[in-house]
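Below are the sequence and a predicted model for it; my questions follow.
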Amino acid sequence: MVYMQKVHGSQNTFFLLDQTQLKQTLSQAELVRLAKQLTNAKTGLLGGADGLLVVSSSSHQNVLGKMQVINADGSIASMCGNGLRTVGRYLAEKYHQNSFKVETQQADLKVSVEPDWAESVKAISVEISPVSFAKQDLPFAQLNCSKLINQEVPAFAPGLKFTAVAVPNPHLISIVSAEVLASSLLEKLGTKLNQPNPYFPDGVNVSFAQVIDSRHLFVRTFERGVGFTNACGTGMSAASLVFALTHQQEKGFNHLLTVSNPGGFVQTRVHQQENHYWIELIGNATVTHNINADESLFHQDLPDFSLFQVEQTSENAAYQAFISNNK
Ligand SMILES: N[C@@H](CCC[C@H](N)C(=O)O)C(=O)O
């Protein structure tokens, strides 16, 4: 039997599959196909999800495992903040360790177990890095600049200022008013920049952030490869960095920020070390379902998900109660 989890971080939902359990590991093409099948909102398992997190072993020193992120549309992401928290929790429980690193596409990132936020609300802290504003790292084109930092781009939206930052997956961030946040602009811009377009050839995660006060943001994200999600961990981390850089009077560096999102909230802390930035992202890592299935099902072209044994945990109810009590 193969054990899989359905998990969420701020209700950004994923299936988590530990490839090391399989007698015959899945090829990259099989993983992409499985990701698209599992996550499909109509025909997938448990109403689908935003992506598939694949855990495999790492050959790096002091690293407990490797995470690969596959978006719902089958595209590969270099990083996922909410996903890394759930993979971090999985590896912490598997290896009984509280502080370690996880290999991701571009870097080995620090993970540590935090005190529970409430009974059955597990919390994990992860490192979001490396950070780059360089055009080639997003990549972007036709914006007449080598870095886009807090600049107006009328082709995106007149009157709004945008920052493009890779953390290392690509993000376009704008700090906006409550009215703009509530409008249809984010959906229009996210859709435009995630279909063939002259600016972001690989697509981009687009987030609008509203400043609630000097220690509190609200962030909504239209994700590359998915569309609107309840939360995007790297998007909230990138928005926290943009807030720290553009609101210098608020002293956003080194302080804990609360970042609310449609699925709950996380905490971030933006660090500046010499000439580089990194962000701590702290939030829930919730297992909503334990899933067991015969390995042969994972190797089928079209697995019959009705043969997967699914057990719901009580963790999502605990999470929902915690969020309602802390609004
Ligand atoms: N939801 C994630 C980001 C997932 C990847 C993203 N859609 C991309 O393609 O870069 C997060 O929590 O960071």
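Sure thing, it's come through.

State the distance from G65 to L38.
Distance, G65 to L38, by CB to CB, to the nearest Å: 20 Å. Quick note: C-beta positions are derived from backbone N, CA and C, even for glycine.

same check, this time on G233
Plainly put, G233 is 20 Å away from L38 if you go by CB to CB.

So for those two, which sits in the more crowded spot?
G233 (29 against 26; other CB atoms under 10 Å).

Surely the more buried one touches H8?
No - taking CB atoms under 8 Å as the definition, G233 is not a contact partner of H8, at 11.1 Å.

shared neighbours, the two?
Any residue near both G233 and H8 by CB atoms under 8 Å, 6 or more residues apart in numbering counts here, and that gives N82.

Name the residues of the protein found near the ligand, please.
12, 69, 71, 77, 80-83, 169, 205, 223-226, 229, 232-234 (CB under 6 Å from any ligand atom).

Narrow these to those in helices?
Counted as lying in helices by DSSP state H, out of the residues of the chain next to the ligand, are G81, N82, G83, G233, T234.

which of the residues you listed count as buried?
Among those, the ones that count as buried by 16 or more other CB atoms under 10 Å are G81, N82, G83, G233, T234.

Report the separation between the first one and T234.
Noted for G81: a distance of 4 Å to T234, by CB to CB.

and what of the second one?
For N82, the distance to T234 under the criterion CB to CB works out to 8 Å.

can you pull out the helices in the stretch 151-300 of the chain?
Listed in chain order, the helices of the stretch 151-300 of the chain (DSSP state H, counting those that start in this stretch) span 178-182, 185-193, 233-246, 295-298.

and if you look at the stretch 1-150 of the chain?
So, for the stretch 1-150 of the chain - with DSSP H, counting those that start in this stretch - the helices run 28-39, 81-95.

got the buried residues for the last one?
Right, the one you point to is helix 81-95. Those would be G81, N82, G83, L84, R85, T86, V87, G88, R89, Y90, L91, A92, for helix 81-95 by 16+ other CB under 10 Å.

same deal with stretch 190-198?
Residues of stretch 190-198 classed as buried by neighbour count (16+ other CB under 10 Å): G190, L193, N194.

now the residues you listed as JSON lines including distance to K122 and pLDDT?
Compiled in JSON lines, the buried residues of stretch 190-198 are given as follows (distance: CB to CB, whole Å; pLDDT from 0 to 100):
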{"residue": "G190", "distance to K122": "30", "pLDDT": "98"}
{"residue": "L193", "distance to K122": "34", "pLDDT": "98"}
{"residue": "N194", "distance to K122": "32", "pLDDT": "98"}
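
tell me which of those is nearest to H60?
Closest approach between the buried residues of stretch 190-198 and H60, by CB to CB: N194, at 32.0 Å.

Next, the contact list for E103, please.
S58, H60, V63, G65, K66, M67.

does V287 really touch K6, like I thought?
Yes - here V287 reaches K6: they are 7.5 Å apart, a contact under CB under 8 Å.

between those two, which one's more packed in?
K6 (25 against 19).

So what's the predicted local confidence for the more buried one?
If you check K6, the pLDDT there is 98.

and the nearest residue to it once chain neighbours are set aside, what does it touch?
Excluding its sequence neighbours, the residue lying closest to K6 (CB to CB, 6 or more residues apart in numbering) is H289, at 4.0 Å. Shown in contact with H289 (CB under 8 Å, 6+ apart): Q5, K6, L46, V310, E311, Q312, T313.

Next, show the common contact partners of G81 and T234.
Taking CB under 8 Å, 6+ apart as the criterion, G81 and T234 both touch I128, L281.

Done for today, thanks.
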